[in-house]
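K.L.:
when you get a sec, could you give me coordinates for this:
(one chain, ligands or ions: 2)
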Amino acid sequence: MAGIVKPPPDERRILIVGLGLIGGSLAAALRVSGYGRHAGRHHNDDAGDPGPAKHILACDPDASEIARGIEMGLIDGGDTRLEALVEGVSLVVLAVPVLAMEAVMAQLAACLDRAAPDVVVTDVGSTKVAIRQAVVAAFGRMPTNLVLGHPIAGSEKSGVAASDAGLYAHHKVILTPEDDTDPTATARVRALWEACGAEVLEMGVARHDQVLARTSHLPHLLAFSLVDTLARQDERLEIFRYAAGGFRDFTRIAGSDPVMWRDIFIANRDAVLAALDDFEAGVERLRGAVERGDSDAMLAIFDRASHARHYFESLLNQTSYQAEYQMQQHGKLRYRVSPGGGVTGRIRVPGDKSISHRSIMLGALAEGVTEIKGFLEGEDSLATLQAFREMGVAIEGPHQGRVTVHGVGLHGLKAPSGSLYVGNAGTAMRLFAGLLAGQAFDTELIGDASLTKRPMNRVAEPLRAMGAAIDTAEGGRPPLHIHGGRPLKGITYNMPMASAQVKSCLLLAGLYAEGETRVREPAPTRDHTERMLQGFGYAVHREGDTCWLQGGGRLAAAPIDVPSDISSATFFLVAAAITPGADLVLEHVGINPTRIGAINILTLMGADLRLENAHEVGGEPVADLHIRYAPLKGIDIPVSQVPLAIDEFPALFIAAANAEGTTRLRGAEELRVKESDRLQAMANGLATLGVKHVLHQDGIDIVGRSSGPGGESARYGGGRIDSLGDHRIAMAFTIAALRAGDEIIIDDCANVATSFPGFIDLARRVGMILEEQQEVS
Ligand SMILES: O=C(O)C1=C[C@@H](OP(=O)(O)O)[C@@H](O)[C@H](O)C1
Ligand SMILES: C=C(OP(=O)(O)O)C(=O)O
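P.N.:
Ligands and ions are numbered 1, 2, ... in the order given. Below you'll find the predicted structure:
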């Protein structure tokens, strides 16, 4: 990952063709990495035999640039003629403007035989499709030793004099190897950039150009255009005297090298035009809102943009690439957790995911303004928030858990312009299905790869019975196409499984249905929807196992205080329960009776767990959970607790692995259709750690290790675990490391951000030893 100092590249001689800002900065960064005779502050081969001198050479049509480069100590020599420099070179980096690439490539093809036999060629061009064409024109094909690349870094300055050794540090470099590119060549180009402190990613050439058209080329085009337009309108350039910070920030890049940018727009014409079309449509929408004085529309656009900007910034660690990349290369984050560590302190875990989804949904459908605090700023609930913005709801925030929803009433949503993306969240897709079935317009609900595998017939079938028209993909999987404008009728539905999502979906559809919608649940499930509807002044009745409501009412906005998520808290409850010496308080956790299965189960296992400071906030009970280490024993988990602890089982299995005797779970087949097959995923991980278990179709038996006096010794081994992209599997094995004999490495952890942003920081805060790594293989 960027930031970790890497050794200088193992190249005999590097030739940089084109000694401007980009090429010069590469040379400067290589020098700082310790490459060549001007070895700087880092390693290199100063210990032992230094070997033959490593040189950086440069070719540039401007001899004075070469002289400057030598004077600055960036290069060891250079020439204006390429053929005079290739001899013995092992790596060639083409850093010339995009349109000069074809001619340079042809010259290179003619003299490359003089280079070292294992020579590797790469480039730094900002567009890739056109450069690939130039390569094919020059070489007749893509040579297997040629790896196209693009460092996402630059400056409005140009020329070798502006070289900056830090230009690539913490920046992304995209490589676009072909299927038949020599992997050693790719690895060597990767090593070159990593030595400069960059983080290297890979993608296809076409994808690269589309992404860059939007994230780089379009903003440059707009900056050039704005400055030019204003300058023309004001021949004496008077206006710039009064220009403030906004103008400066927006237009800085209009000072960039004109020739380079002309080349880029010629080379990436089609992708830029497509991006420009989208942009023009957006400006047109905003223009309309300004013209009409439509304050809601303006607020919706500005809020969406402002939120997206902040969201990306926090998500992307101040770089503009990771989101795109992580969306493409789902789950490249890895946790490395050292064995042992402590669990002490007082912490507050983020807001409840189930309640956060519902707060946005009901707030949007209510009349009036709903103020939410404690909202979970995780990717799942943010996706729900974003989906309502796409349907025209003005939403301010989130700012530190505070969100203001300007409700539009049950019939005020507008048709979104595209599909609604709900990320990783089964809850969102199923609840949305119910409320969208009642709208006048058509919608399509899509999700990520994990959600796309999950069953949706459990909601599509009863909704169809109410009169909805819903299409699913094969096997009842997402996407869901929901046809609007269908009158809905209340039904009485006997749920075949204990699912709060199905119940909530039908109650939300019931708001739009004629008559009564009744849902019977085979076992109690979380009742946040019922509680919140009541809080918004909508009558929901319950008798025994059945709840119902009458369609055609109204929701009145009401403040919502989201408690901390007991599902997130459970990871720390288990962490403390299994760690000798642990003493931890989890503040303000929701203890709704339909959610406290984990508390009940841990207590049955012998955990020293107390509820303190219990009170109610906005219709939901909360308490501080105080837990201290106590030896656990295996139990038969009561079936009645299963729906009340459904999301907590991955963590509870780790408690079981640390309990004396066997813990048995049955009646939990629903675990097989969560973000992963959680029974299988946990069984695989437990097997890796060496924990004995027997897997059943609807549960598992886990044989815990006896602790012996003092209980300090390791309970199982370490190893490498695949979380299968499931946030709860990733977090469960993280806490398992507290009692492991060796390090636990967990792959595919990016989705922890769906439910528990900041998990790693909190884990560290209580005393665990762990780090996040970006997989670069
Ligand atoms: O309604 C909800 O908010 C949820 C219900 C549960 O799913 P099921 O309804 O599928 O049991 C749970 O697993 C999920 O994390 C959240
Ligand atoms: C199952 C879960 O969520 P969802 O169904 O919303 O994806 C969960 O968070 O564990």
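K.L.:
beta partners for the closest residue in space to G77 that isn't next to it in sequence?
P.N.:
Nearest non-adjacent residue to G77, counting by CB to CB, 6 or more residues apart in numbering: L57, 5.3 Å away. No exception for glycine: its C-beta is placed from N, CA and C like everyone else's. Beta bridges link L57 to L15, G77 when assigned by DSSP bridges.
K.L.:
L57: what's it in contact with?
P.N.:
Each residue near L57 by CB atoms under 8 Å, 6 or more residues apart in numbering is listed here: 13-16, 75-79, 85, 89.
K.L.:
what of Y421?
P.N.:
383, 386-387, 446-447 are the contacts of Y421 under CB under 8 Å, 6+ apart.
K.L.:
which of the residues you listed fall within strands?
P.N.:
I446 (DSSP state E).
K.L.:
select from the contacts of Y421 the one having the most neighbours.
P.N.:
The most neighbours of any of the contacts of Y421, using other CB atoms under 10 Å, belong to G447, which has 26 neighbours.
K.L.:
re the thing from before, which of the contacts of L57 sit farthest apart?
P.N.:
Using CB to CB, the contacts of L57 span at most 14.7 Å, a distance reached by I14 and D79.
K.L.:
out of these two, which sits in the busier spot?
P.N.:
I14 (24 against 14).
K.L.:
A29 is in contact with the more buried one, correct?
P.N.:
No: between I14 and A29 there is no contact under CB atoms under 8 Å: 11.6 Å.
K.L.:
tell me the strands in the stretch 201-350 of the chain, going along the chain?
P.N.:
333-337, 344-347 (DSSP state E, counting those that start in this stretch).
K.L.:
how about those in a markdown table, adding distance to ligand 2?
P.N.:
Formatted as a markdown table, the strands of the stretch 201-350 of the chain follow (distance: least, CB to the nearest ligand atom, whole Å):
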| stretch | distance to ligand 2 |
| --- | --- |
| strand 333-337 | 18 |
| strand 344-347 | 20 |
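K.L.:
if you compare those strands, which one is most tucked away?
P.N.:
strand 333-337 (a mean of 22; mean count of other CB atoms under 10 Å).
K.L.:
need the CA coordinates for that one. PDB is fine.
P.N.:
Presented in PDB, the C-alpha positions along strand 333-337 are these (Å, rounded to 0.1, in the frame of the first residue of the first chain):
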ATOM      1  CA  LEU A 333      -9.200  -4.900   1.700                       C
ATOM      2  CA  ARG A 334      -7.500  -7.300   4.000                       C
ATOM      3  CA  TYR A 335      -7.200  -7.300   7.800                       C
ATOM      4  CA  ARG A 336      -4.100  -8.600   9.500                       C
ATOM      5  CA  VAL A 337      -4.800  -9.300  13.200                       C
END
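K.L.:
numbering from 298 from now on, please.
P.N.:
Sure, I'll start counting at 298 from here, so that last one is strand 630-634.
K.L.:
can you list contacts of that strand?
P.N.:
For strand 630-634, using CB under 8 Å, 6+ apart, the contacting residues are 623, 1027, 1030-1031, 1034, 1037, 1040-1047, 1049, 1057, 1065-1072.
K.L.:
which ones are touching T749?
P.N.:
So T749 contacts 743, 770, 774-776 (CB under 8 Å, 6+ apart).
K.L.:
mind doing that once more with 6 Å?
P.N.:
By CB atoms under 6 Å, 6 or more residues apart in numbering, the residues touching T749 are P775.
K.L.:
likewise the one 4 residues further on?
P.N.:
Remark: with contacts taken as CB under 6 Å, 6+ apart, M753 is in contact with 769, 773, 775, 777.
K.L.:
sorry, back to before: out of the contacts of L354, who's nearest H696?
P.N.:
For the contacts of L354, the nearest to H696 is I313 (46.3 Å; CB to CB).
K.L.:
correct me if wrong: that closest one contacts V390.
P.N.:
Yes: the criterion here is CB atoms under 6 Å, and I313 meets it with V390 at 5.0 Å.
K.L.:
more crowded one of those two?
P.N.:
Set I313 next to V390 and count neighbours by other CB under 10 Å: I313 wins out with 29 against 24.
K.L.:
what sits against the more buried one?
P.N.:
320, 324, 355, 390, 392.
K.L.:
can I get these in TSV including pLDDT?
P.N.:
As requested, the contacts of I313 are arranged in TSV below (pLDDT from 0 to 100):
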residue	pLDDT
G320	96
A324	96
A355	97
V390	97
A392	95
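K.L.:
can you say which of the contacts of L354 are buried?
P.N.:
310-313, 372-373, 375, 382, 386 (16 or more other CB atoms under 10 Å).
K.L.:
columns distance to V432 and pLDDT on top of these, output as CSV?
P.N.:
Output for the buried ones among the contacts of L354, formatted as CSV (distance: CB to CB, whole Å; pLDDT from 0 to 100):
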residue, distance to V432, pLDDT
R310, 22, 95
I311, 20, 96
L312, 17, 97
I313, 18, 97
I372, 25, 95
D373, 27, 93
G375, 24, 96
L382, 20, 94
V386, 18, 95
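K.L.:
where do the helices sit along the stretch 898-1047 of the chain?
P.N.:
946-954, 975-986, 1024-1033 (DSSP state H, counting those that start in this stretch).
K.L.:
pull the CA atoms of the last one into CSV?
P.N.:
Just to be clear, that refers to helix 1024-1033. Output of helix 1024-1033 as CSV, limited to C-alpha atoms (Å, rounded to 0.1, in the frame of the first residue of the first chain):
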residue,chain,number,x,y,z
HIS,A,1024,-18.9,-7.9,6.8
ARG,A,1025,-20.0,-10.0,9.8
ILE,A,1026,-17.7,-12.9,8.9
ALA,A,1027,-14.8,-10.5,8.6
MET,A,1028,-15.5,-8.9,12.0
ALA,A,1029,-16.1,-12.2,13.7
PHE,A,1030,-12.7,-13.6,12.8
THR,A,1031,-11.1,-10.3,13.7
ILE,A,1032,-12.2,-10.7,17.3
ALA,A,1033,-11.3,-14.5,17.2
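K.L.:
stretch 830-842 near ligand 1 at all?
P.N.:
No: applying CB under 6 Å from any ligand atom, one finds stretch 830-842 separated from ligand 1 by no less than 13.5 Å.
K.L.:
brilliant, that's me finished.
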